[in-house]
Structure formats: structure tokens, C-alpha cells
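**Student:** I would like the atomic coordinates for the input below:
(2 chains)
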Amino acid sequence: MKLLVAVDENPYSRYAVGQAARLAANTWADVVMLAVEKSRAYLDEDDLDQEHAHPKTLTLKRYLADFLGSVGPEADIYGPGRDVPFGRRDGDVLEADASGRKGMVLRVRSGNPAKAIAAEARASGSDLVILGSSQHEGGWGRGSDVPGRVADAADCPVFVLRENVVPSKVACCLDHANVTQESLELINQCVTLYGAELEVVGVLRRGELREDVEAKMGEVLGYYLDRDVRALVRVVGEDSLESFIESGGREDLMALWLTRKSPLQKLLPGHRVASLVNHASASILVLR
Amino acid sequence: MTTSTKTSILILDDEPIVSKRLQPALEKMGYEVESFYDSSRAMARVLERSFDIVVTDLKMEGVDGMQFLAAVKDRSPKTEVIVITGFATMDTAKESMRKGVFDFLAKPFKLGEIQEVIRKAEAHVCGEDK
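**Tutor:** Model (predicted):
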């Protein structure tokens, strides 16, 4: 599994790094940690040392130390944690490779944060983007809605974590029957990580549960019960789905499928998905 | 090891979709692949013959992946075992490494990722044997 952990300088990012480390300690995932800086073409880098020209390199080094500390005794799979230098890679990207047996790469990109994070996810073939978010607003700069825009723009799943919340329930909003094995596997890892209970939420269309969705719900429920994962079922009308997601508690993790085949994608245009991700109380896992 | 010149791989996962994806891709790479959904059948097969590489899930009905990998290593210590799991924990990762697995991969992963790990395991097997 390949994780992309996107960070800024806010406390929610530090929290997200800690949670990413917990997931990495379980899964031994390859990790790319990304910070995004403003384009500062006016700077003459020759006049400055790297840490002054690119202060995000320091931010990433601090987060690497936090990450390794949170992984604990097994952290050596990510290398010795020594101070590795940043070098240029692919034009504007700065990179420091701190990998051990498993990949641990620090990267700095520049420009629009949401676009840079989505671009990095594509470039590094990420299976999951993890980023932190403050309560009821996306954070990432005043008036910014970066987590929501990343959730909307990325091709891979995106996990938006609310600061200082450990999910105790994973609610999977199942609005279609085309659930990929990969998306179920990500839910499995989240359920395992948090020891959370699982709620399979079927979405009613015009007051009825579609036959294929009902069959898929049964299949998903059976899948988890066979694996000793406690799972419950409930249904929600499509008209109230948005408010259901918004009203999720702080300790909920809402898993939403946003694919072309997902009615949710039609119900919620891009900007509303972004708004929902930024303003919900719950942490959000956007699946593809 | 086997008399075939091809590197032999056994895949055990109780979710058929995993073998369905993996087997043709690995055969295309020139490997000799046998897939099993049922751990007891896979266990019987590894007692019949040894494989160069074994890819196994951990959480299955019947014989679990840890027992399976222990049996594989016991029967054929040179076999490289790659554990794949959808329910990864720190303990299972540590226990896998203690039992001598070549690598530990959590699901989901892309086909290219496991192909790369298998290539490395093959190089390891060849390096030890030749």
C-alpha cells in the first residue's frame, strides 16, 4: 500500500501525521510525505541556503521525526531517520529519500495546494491520500477548502481526518452496487486500525432500496461478519443523505463512494462534495 | 526446488478476485503459478511439492495464514513467503517477520507493487541457489 500524507504547518497536520504513522505501523506501507509551498520564482536560490529558500523542507523533516516516533520500535523499516538532503527532481519538485526497507520520501511541490496534492497522488501511484482538517472548516490557509478540493480532484481514495478524533464507527454509505475490492480493503484497514464498528448504510432511491444495492449490502455485510467484524445495517433516503453525512458525529468516519458509477456523484456535484468534506463534523473517507 | 526452469509461485487467498488478478499477470511474466482459495488444499499442495515463492493471505477460514506460512517454511526453508493482508496489525506484521517472510504487503496494493516484490523475491531465491 502506498500512502501520500499531505501536510501544512497546522496542528491538524501533525495529528494526521500521527494517524498515518499508526496506519503505516500496521500496514508497512510505502509513504510519501508532501508539503506545498507558494511559487516564489522571484527568489534567487543561489543567495539563500535551502532551508531559507524552502522552509517546507524543515517542516517535513520535523514531521518525519514525529512519524518515526509514532511508528515506534519498528520505525527502522523506514530507514535510520538520519537527516537526508533535499535535491531537485522533475523540475520544481524537491525530494529527500529517507527510505529503508519500506519507502519514506519527503517532497515539496509548489503552487496550488489542491492541484499539487492531486498531481503528487497521480505521480506516486498512491493508494490513499491522508490529510488533516480542522473542525467544521477545511483549514489549509484562511478561506481555503483544500481537503474538499483534494477529495474532489484526486483519482485515488482520500482520507480527511478531523483533528484529535479517533473514529469509533465507520459508516459506509452504499449507494450503488459497483463497490471495488480495493475500496473494501481500505475500509478493512480503517476498521482494524481503530477497532471501530461498521455500519453499512444503504441509500434509498425514491423510497426504495434498489435490488442490486440490497444484494450488495448483503454481500458486504456477509463479508465482514465472516471476518468477525461487527457490522450493522441501516438505510437512508437519498434526499436526506447529505444531511445524514453532515450530521455524522465527530467520532464517525463516513466512507463515501464517489465514482462515475456512483449516484452520490450525481446527487452531489463537485463543489458540494468539497463543501461536505470541509464542513462535516465526521472524518471523511472518499472511496473510488 | 522444482525441476521446472520457471520460478514457481503458489498463491493462497480466500478471495478469488485476488488470484484472478494475480495469476494471469504473473504467468505473463513467465512464472509458473498455482492458485488456491482453500487453505487446506493449499496446505496439501505444499506438502506434495515445494515452491520458490508463496504469496498468502493471513485471515482465512480453516488454516490461517500464519500456520500456513510456518508450514511452508518448515517444509521448504528456502521458499520466500510474501504475506498479503486486508486486516493488517502491528502484531501480524511483526509475527510475519519473525517467521521469516520476505515481505509484508497490506491490501489494497497495485499489481505493479506485488510484481516488484515478487521480482525481488525471485532475485533472492536465485542468488541463494546459484
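
**Student:** can the helix or strand hosting residue A:200 be found next to chain B?
**Tutor:** Element membership of residue A:200, judged by DSSP states H and E, is strand A:197-204. No: interface with chain B: strand A:197-204 contributes nothing (Cβ under 8 Å from any Cβ of the partner chain), its closest point being 12.3 Å away. Where you see a C-beta, it was placed from the backbone N, CA and C, and this is true even at glycine.

**Student:** Pull the contacting residues for residue 61.
**Tutor:** Defaulting to chain A. Counting by Cβ atoms under 8 Å, 6 or more residues apart in numbering or on different chains, residue A:61 touches A:83, A:96, A:106.

**Student:** try again with chain B
**Tutor:** A:226, B:14, B:39.

**Student:** Any idea how many residues pack against the closest residue to chain A within chain B?
**Tutor:** Proximity of chain B to chain A (Cβ to the nearest Cβ) peaks at residue B:106, 3.3 Å away. Number of residues near residue B:106 (other Cβ atoms under 10 Å in any protein chain shown) recorded here: 28.

**Student:** Am I right that it is in contact with residue A:30?
**Tutor:** No: using Cβ atoms under 8 Å, residue B:106 is not in contact with residue A:30, being 10.3 Å away.

**Student:** Now the common contact residues for these two.
**Tutor:** In contact with both residue B:106 and residue A:30: residue A:1, using Cβ under 8 Å, 6+ apart.

**Student:** Drop anything exposed from the contacts of residue A:61.
**Tutor:** By neighbour count, with 16 or more other Cβ atoms under 10 Å in any protein chain shown, these hold A:96, A:106 as buried.

**Student:** and which of the contacts of residue A:61 is nearest to chain B?
**Tutor:** If you rank the contacts of residue A:61 by distance to chain B using Cβ to the nearest Cβ, residue A:106 comes first, at 20.4 Å.

**Student:** you'd agree residue A:88 is in a strand?
**Tutor:** Yes: counting by DSSP: H, G, I helix; E, B strand; the rest coil, residue A:88 falls inside a strand.

**Student:** Could I get the pLDDT score of it?
**Tutor:** pLDDT recorded at residue A:88 is 87.

**Student:** got the contact list for it?
**Tutor:** A:94, A:95.

**Student:** and the angle from the helix or strand where residue A:182 lies to strand A:197-204?
**Tutor:** Per DSSP H and E, residue A:182 falls inside helix A:181-194. Counting by axes from the mean of the first three to the mean of the last three Cα atoms, to 10 degrees, helix A:181-194 lies at 140 degrees to strand A:197-204.

**Student:** Just the buried residues of stretch B:95-109, please?
**Tutor:** Neighbour-count burial for stretch B:95-109 [16+ other Cβ under 10 Å]: B:95, B:96, B:97, B:101, B:102, B:103, B:104, B:105, B:106, B:107, B:108, B:109.

**Student:** cool, and stretch A:201-209?
**Tutor:** Buried residues in stretch A:201-209, counted by 16+ other Cβ under 10 Å: A:201, A:202, A:203, A:204, A:205.

**Student:** now stretch A:127-135
**Tutor:** Buried residues in stretch A:127-135, counted by 16+ other Cβ under 10 Å: A:127, A:128, A:129, A:130, A:131, A:132, A:133, A:134.

**Student:** for stretch A:2-9, same thing?
**Tutor:** A:2, A:3, A:4, A:5, A:6, A:7, A:8.

**Student:** So is the helix or strand of chain B with the lowest mean pLDDT next to chain A?
**Tutor:** Ranking every helix and strand in chain B by mean pLDDT, DSSP states H and E puts helix B:111-129 at the bottom, with a mean of 88. Yes: part of helix B:111-129 sits near chain A under the criterion Cβ under 8 Å from any Cβ, namely B:112, B:113.

**Student:** would you put the C-alpha positions of that helix in CSV?
**Tutor:** The C-alpha trace of helix B:111-129 is given here as CSV (Å, rounded to 0.1, in the frame of the first residue of the first chain):
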residue,chain,number,x,y,z
LEU,B,111,-0.5,-5.1,-9.3
GLY,B,112,2.8,-3.4,-10.1
GLU,B,113,3.7,-3.3,-6.4
ILE,B,114,3.4,-7.0,-5.8
GLN,B,115,5.0,-7.8,-9.2
GLU,B,116,8.0,-5.7,-8.0
VAL,B,117,8.1,-7.6,-4.6
ILE,B,118,7.9,-10.9,-6.5
ARG,B,119,10.8,-9.9,-8.8
LYS,B,120,12.9,-9.1,-5.7
ALA,B,121,12.0,-12.4,-4.0
GLU,B,122,12.9,-14.2,-7.2
ALA,B,123,16.3,-12.5,-7.3
HIS,B,124,16.8,-13.5,-3.7
VAL,B,125,15.9,-17.1,-4.5
CYS,B,126,18.2,-17.2,-7.5
GLY,B,127,21.0,-15.5,-5.6
GLU,B,128,20.9,-18.2,-2.9
ASP,B,129,20.6,-21.1,-5.2
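
**Student:** which helices and strands sit right next to that helix?
**Tutor:** Applying 3 or more Cβ pairs under 8 Å, 6 or more residues apart in numbering or on different chains; DSSP states H and E, we find helix B:111-129 packed against helix B:16-28, strand B:53-57, strand B:80-85, strand B:103-106.

**Student:** can you give me the strands in chain A?
**Tutor:** All strands of chain A, identified by DSSP state E, fall at A:2-7, A:30-37, A:87-89, A:93-97, A:104-110, A:128-133, A:158-162, A:169-174, A:197-204, A:231-237, A:252-257, A:283-287.

**Student:** Let me have those in a markdown table, adding distance to residue A:151 as columns.
**Tutor:** Shown next, in a markdown table, are the strands of chain A (distance: least, Cβ to Cβ, whole Å):
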| stretch | distance to residue A:151 |
| --- | --- |
| strand A:2-7 | 11 |
| strand A:30-37 | 16 |
| strand A:87-89 | 26 |
| strand A:93-97 | 23 |
| strand A:104-110 | 18 |
| strand A:128-133 | 8 |
| strand A:158-162 | 4 |
| strand A:169-174 | 14 |
| strand A:197-204 | 18 |
| strand A:231-237 | 20 |
| strand A:252-257 | 9 |
| strand A:283-287 | 4 |
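
**Student:** Relative to residue A:127, how far out is the residue of the stretch 1-150 of chain A found nearest chain B?
**Tutor:** Ranking the residues of the stretch 1-150 of chain A by distance to chain B (Cβ to the nearest Cβ) places residue A:27 first, at 3.3 Å. Remark: distance between residue A:27 and residue A:127 (Cβ to Cβ, to the nearest Å) = 10 Å.

**Student:** The helix holding residue A:182 close to chain B?
**Tutor:** Yes: legend: contact between helix A:181-194 and chain B by Cβ under 8 Å from any Cβ is shown at A:181, A:182, A:183, A:184, A:185, A:186, A:188, A:189, A:191, A:192.
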